[in-house]
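Enquirer: Next one to model:
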Amino acid sequence: MPELPEVQTIVNDLNKKIKGDTIVGFWSGWKKAVKNISVKKFGEEIQGRKILGVRRVGKNIFIDLSYNKTIYIHLKMTGHLLVKFQNPKSKFQIKPKPQIINQKSKEEKSPLILSGHPTGQAFLKKGENGNYFDERVNQYVRHIFYLNQKSKIKNQNDNVKLKINSKFRIQNFNKTLEFSDLRKFGKIVLADTDKLESLKEIKSLGIDALSRKFTLKRFKEILKKRQNSLIGIILMNQNLIAGIGNIYRSEILFDAKILPTRKAASLKPAEIKSLYGSIKKILKKAVKMRGTSDSDYRDTAGAPGGFHKILKVYRREKQKCKKCDTMIKRIKLGQRSVYYCPNCQK
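Expert: As a prediction, the model looks like this:
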């Protein structure tokens, strides 16, 4: 599952690439991902709205729209968002014919991306670091938001009509935001912007790991309330600290030289300070390196992140520690694997 650094990388990209654009259409080949509303109604509700900005809360992505609406996206296990620009020489018109690729589930394959290349008159530019869109991991497009960066649509009703899952015509788009999701666990929710904080899954989140409000004092308070809990469990508890997942838990604890099986009560003041510093240090460095691509994660250009190149312990079981040559070990905590060096970490 994409963690804080990966989601923050995507948010940063989206603010550069789609902020200010207008949504002129929506297509979905996996209706179950759109929650609490029909796909048709969802498409109608977001058409003609301008993208005001994109932000992150924990591992959640919020795309704020005009007229007090926000698209809430959770990437779950294998989701990632791709931004594709259309060739300015094209007429920006396409008459795609959705194809059924799974007769049992009636899932429709993307009308634009059939085998890594577009159909009709739409042509895609290469990714920022090469043509990564052709990579297999980027081929599982389940949803497409059609965008126009120069649209002058005045209100949500004065827009292009879109008929979901039938023959349709989308005009005046010069960009697409595509949701690729191999496992199909990702979700899309449309909510009132001023009511987002009341959503159950958002309301229950703890303080964001990179928030300015997450101070050393606040961290000490969290540990004090969980004196008998293992530090490896605390770091993964999204109700306490939002954003840290399995990859960065292992890397943070290694950097702080603390065993994941230590109880919070056993940590000395100096160790707590070191651990707090490691949380900020590792997460910020991972954001700078555009996340970790040990599996499906890709950025908005379809490119992998770079932090996996400097992982010290994660997924390095039975390999030598890069600091002391001791074999890295793996144990299960909270039904998830955590990796550590039994010599460097105490």
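Enquirer: what's the weakest-modelled helix or strand in the protein?
Expert: Least confident helix or strand of the chain, by mean pLDDT, DSSP states H and E, is strand 99-102 with a mean of 34.
Enquirer: Residue ranges of each domain in this structure, please.
Expert: Listed by automatic domain parsing, the domain ranges of the chain are 4-203, 207-340.
Enquirer: would you turn those domains into TSV with distance to residue 346?
Expert: For every residue, glycine as well, the C-beta is placed using N, CA and C. Formatted as TSV, the domains of the chain follow (distance: least, CB to CB, whole Å):
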stretch	distance to residue 346
domain 4-203	26
domain 207-340	6
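Enquirer: For the spatially closest residue to residue 177 that is not a sequence neighbour, give me its contacts.
Expert: Excluding the flanking residues, the one nearest residue 177 by CB to CB, 6 or more residues apart in numbering is residue 145, at 4.2 Å. Contact partners of residue 145, counting by CB atoms under 8 Å, 6 or more residues apart in numbering, are 23, 25-26, 46, 176-178.
Enquirer: Residue 145 belongs to a strand?
Expert: Yes - using DSSP: H, G, I helix; E, B strand; the rest coil, the assignment for residue 145 is a strand.
Enquirer: what secondary structure does residue 323 sit in?
Expert: coil.
Enquirer: For it, list the residues it contacts.
Expert: Per CB under 8 Å, 6+ apart, neighbours of residue 323: 312, 341, 344.
Enquirer: so residue 228 sits right up against residue 263, yeah?
Expert: Yes - if you go by CB atoms under 8 Å, residue 228 and residue 263 touch, sitting 6.0 Å apart.
Enquirer: Now the terminal residues of stretch 291-300, how far apart.
Expert: Stretch 291-300 has its terminal residues 12 Å apart, counting by CA to CA, to the nearest Å.
Enquirer: Give me the buried positions along it.
Expert: Neighbour-count burial for stretch 291-300 flags 291-293, 296-300 (criterion: 16 or more other CB atoms under 10 Å).
Enquirer: Can I get these in JSON lines including distance to residue 31?
Expert: Formatted as JSON lines, the buried residues of stretch 291-300 follow (distance: CB to CB, whole Å):
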{"residue": "291", "distance to residue 31": "29"}
{"residue": "292", "distance to residue 31": "31"}
{"residue": "293", "distance to residue 31": "29"}
{"residue": "296", "distance to residue 31": "22"}
{"residue": "297", "distance to residue 31": "25"}
{"residue": "298", "distance to residue 31": "24"}
{"residue": "299", "distance to residue 31": "27"}
{"residue": "300", "distance to residue 31": "24"}
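Enquirer: Determine which two of those residues are furthest apart.
Expert: Greatest spatial distance among these (CB to CB): 292 and 300, at 16.0 Å.
Enquirer: sorry, back to before: which residue of residue 228 and residue 263 possesses the greater neighbour count?
Expert: residue 263 (15 against 7; other CB atoms under 10 Å).
Enquirer: any weak-confidence spans in the stretch 51-200 of the chain?
Expert: For the stretch 51-200 of the chain, applying pLDDT under 70 flags the ranges 87-130, 150-171.
Enquirer: Where do the strands of it begin and end?
Expert: For the stretch 51-200 of the chain, strands defined by DSSP state E, counting those that start in this stretch occupy the ranges 51-57, 60-65, 69-74, 79-85, 99-102, 107-109, 141-148, 175-181, 187-192.
Enquirer: Among these, which comes closest to residue 203?
Expert: strand 51-57 (10.6 Å).
Enquirer: Name the residues of that closest one that come out as buried.
Expert: Buried, per 16+ other CB under 10 Å, within strand 51-57: 51-52, 54-57.
Enquirer: how far away is the residue nearest to residue 177 from residue 265?
Expert: Here residue 145 is placed at a distance of 48 Å from residue 265 (CB to CB, to the nearest Å).
Enquirer: quick one, what contacts residue 176?
Expert: By CB under 8 Å, 6+ apart, the residues touching residue 176 are 83-84, 86, 112, 144-147.
Enquirer: ugh, typo on my part, it should be residue 304
Expert: Residue 304 neighbours (CB under 8 Å, 6+ apart): 132, 293, 297-298.
Enquirer: That one belongs to a strand?
Expert: No - under three-state DSSP, residue 304 falls outside any strand and is assigned coil.
Enquirer: For it, give me the pLDDT.
Expert: Listed pLDDT for residue 304 reads 94.
Enquirer: Phi first, then psi, for it.
Expert: phi -80, psi 160 (degrees, to the nearest 10).
Enquirer: Could you do residue 50 as well?
Expert: Torsion angles, degrees, to the nearest 10, at residue 50: phi -90, psi 140.
Enquirer: Report the beta-bridge partner residues of it.
Expert: Bridge pairing for residue 50 (DSSP bridges) gives the partners residue 22.
Enquirer: right, and out of the contacts of residue 145, which lies closest to residue 282?
Expert: In terms of CB to CB, no member of these lies closer to residue 282 than residue 177, at 29.1 Å.
Enquirer: circling back: may I see the buried residues of stretch 291-300 arranged in a markdown table, with secondary structure and pLDDT as well?
Expert: Compiled in a markdown table, those are given as follows (DSSP: H, G, I helix; E, B strand; the rest coil; pLDDT from 0 to 100):
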| residue | secondary structure | pLDDT |
| --- | --- | --- |
| 291 | coil | 96 |
| 292 | coil | 95 |
| 293 | coil | 91 |
| 296 | coil | 88 |
| 297 | coil | 93 |
| 298 | coil | 95 |
| 299 | coil | 96 |
| 300 | coil | 95 |
